[in-house]
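[1] For reference, the sequence and a predicted model appear below.
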Amino acid sequence: MRSLLLLCIPIFLLLLSASAAAASAATTTTIGVTYNPTAPNLPPPEHVVPKLQSLCISAVRLVDPTPAAVRAFAYTNITLLLTVPNHLIPSFAANRSAAALWIHSHVLPYYPRTHISLISAGSDVITTTAASDPNVDPSTALLPAMRNLRLALLDLGIRTIAVSTTFSFIDIMTTSFPPSTAEFQEPIGSLVVRPLLQFLDETNSSFLINLYPYHIYKINSEIPVGFVLFQEHPFNFRDDVITGVRYRNLFDMMVDAIIAAMAVTGQENVPVIVTETGWPSEAAEETDSQAAGNYAGMYLKGLVRHLRSGLGTPLRKEGVTEAYVYELFDESEERSTFNDTNVTTGSAAMRGRAAGGKHWGIMYPNMSMKYRVDFSDSTRIRVQRLDGQLLVLYLAFVFLYSKFNC
């Protein structure tokens, strides 16, 4: 018996190391929030940052970032995704020095004391520009602007900040179901998305998408609300009739639609970041009952729980790399993200936000929370549970060994 136990020692050590490696390798999606520091009647960034730290929020997407806002995040563990205002994209595309000037004022003075991981050249540029000026073709400016931003970073020796741009799901996708049949709308797919994905692949960047299950739910009354709100119920599922894959929530279905469309272009391995997702706590229309505050809280809690589970999606086991809740504060007026386009004439995504009015925030301007959402990383908890199980196994092994060794 003693010899048998001795033979078990290396096996146990191998299991211990393998289990520890599996625990450390288990990663979850980074969950952050969208924050517009230029929105009126909000506390200054230097007051907002400590609140974010107290909530254990580790990532922030800054739209229309100001130098003061970027500086406020210095010497914190919060990583920033900076979004360049849409109206600057044409000048960045036409003149590399314009892109360099923006980098010199918004990045260089604060990096790396402020952690900046990615710069988005605008948000929903294609549809918002087309709505504001039909005579302008934004597709000719977007990729050149991104290239000039990247070159400006490289000229300064900055190689750890990626460059991308942000699209809206509802404006570039043909369908969300079944996901396996999804493609990018034309001519955007061929003219813009395909070459952009190649650029992202070559530069190790990510595909950024604003993704709102709320919008799809509003236009399709057949979708059960529990399927949208991550509720566990025997009937909360949809099967992809082409692949047979079963989906338990609409968020995963929309993410996999993007991945399937990327696969059509040959770039299915490019990481995906959800730059906006959320649910309004109140609706502009009184009849919009699905925007009730309890639904908003349920969606956010379900979203965080699902992303923290590390389950990913059926088509991508690691899931999206980052997801940003829209948004940090309720705004005091109905406006688009950048004030470039009025929400009533902007993209479908912005019209969708307008349907929820100004009530997309997770906190009020006085920094009190609307919902109890735990943003802390639960990876450590899962590892501790696994280590505890290994400890019990180890103690049992020691007991048996000591008993038969006497």
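    Sure thing, it's come through.
[2] Next, the contact list for residue 370, please.
    Neighbour list for residue 370: 281, 293, 296-297, 361-364 [criterion: Cβ atoms under 8 Å, 6 or more residues apart in numbering]. Any C-beta I mention is one placed from the backbone N, CA and C, and that applies to glycine too.
[3] Show me which of these are buried.
    Buried members of the contacts of residue 370, counted by 16 or more other Cβ atoms under 10 Å: 281, 296-297, 361-363.
[4] Looking at those residues, which one is closest to residue 256?
    residue 296 (24.2 Å; Cβ to Cβ).
[5] shouldn't that closest one be in contact with residue 303?
    No: the criterion here is Cβ atoms under 8 Å, and residue 296 misses it with residue 303 at 10.7 Å.
[6] Which stretches in the stretch 201-350 of the chain count as strands?
    Assigned by DSSP state E, counting those that start in this stretch, the strands in the stretch 201-350 of the chain fall at 207-210, 238-239, 246-247, 272-277, 322-325.
[7] List the contacts of the first one.
    Translated: strand 207-210. With Cβ under 8 Å, 6+ apart, strand 207-210 has contacts from 120, 123-124, 164-169, 197, 200, 258, 262, 270-277, 326, 349.
[8] Next: the third one.
    Residues outside strand 246-247 that contact it (Cβ under 8 Å, 6+ apart) are 179, 237-240, 253, 256, 314.
[9] partners of it, with directions?
    Strand 246-247 has the following sheet partners, assigned by DSSP bridges: strand 238-239 (antiparallel).
[10] quick one: low-confidence parts of the stretch 301-406 of the chain?
    In the predicted model of the stretch 301-406 of the chain, residues 332-357, 377-406 satisfy pLDDT under 70.
[11] if we go to 80?
    By pLDDT under 80, the low-scoring segments of the stretch 301-406 of the chain are 331-358, 377-406.
[12] now residue 88: how far from residue 95?
    As judged by Cβ to Cβ, to the nearest Å, residue 88 and residue 95 stand 11 Å apart.
[13] for residue 62, same thing?
    23 Å.
[14] more neighbours, these two?
    Taking neighbours as other Cβ atoms under 10 Å, residue 62 and residue 95 compare with residue 62 leading, 23 against 13.
[15] Need the residues that contact stretch 184-204.
    126, 139, 142-143, 146-147, 150, 162-165, 167, 171-174, 183, 205-207, 261-262, 264-265, 267, 269-270.
[16] Now do the buried residues in it.
    Buried residues in stretch 184-204, counting neighbours by 16+ other Cβ under 10 Å, are found at 184, 188-189, 191-194, 196-197, 199-201, 203.
[17] do the same with stretch 95-111
    So for stretch 95-111, counting by 16+ other Cβ under 10 Å, buried means 96, 98-100, 102-103, 106-107, 110-111.
[18] what does stretch 250-267 give?
    So, applying 16+ other Cβ under 10 Å, buried residues of stretch 250-267: 250-262, 265, 267.
[19] Can you tell me which of these is nearest residue 211?
    Of the buried residues of stretch 250-267, the one sitting nearest to residue 211 (Cβ to Cβ) turns out to be residue 254, at 5.4 Å.
[20] The closest one contacts residue 169, correct?
    Yes: the pair residue 254 / residue 169 is scored as a contact, 6.0 Å apart, by Cβ under 8 Å.
[21] residues shared between the contacts of those two?
    Residues touching both residue 254 and residue 169 by Cβ under 8 Å, 6+ apart: 176, 211.
[22] Check which element follows the helix or strand that contains residue 99 along the chain.
    Residue 99 is part of helix 96-106 when elements are defined by DSSP states H and E. Next along the chain after helix 96-106, taking DSSP H and E as the criterion, comes strand 115-123.
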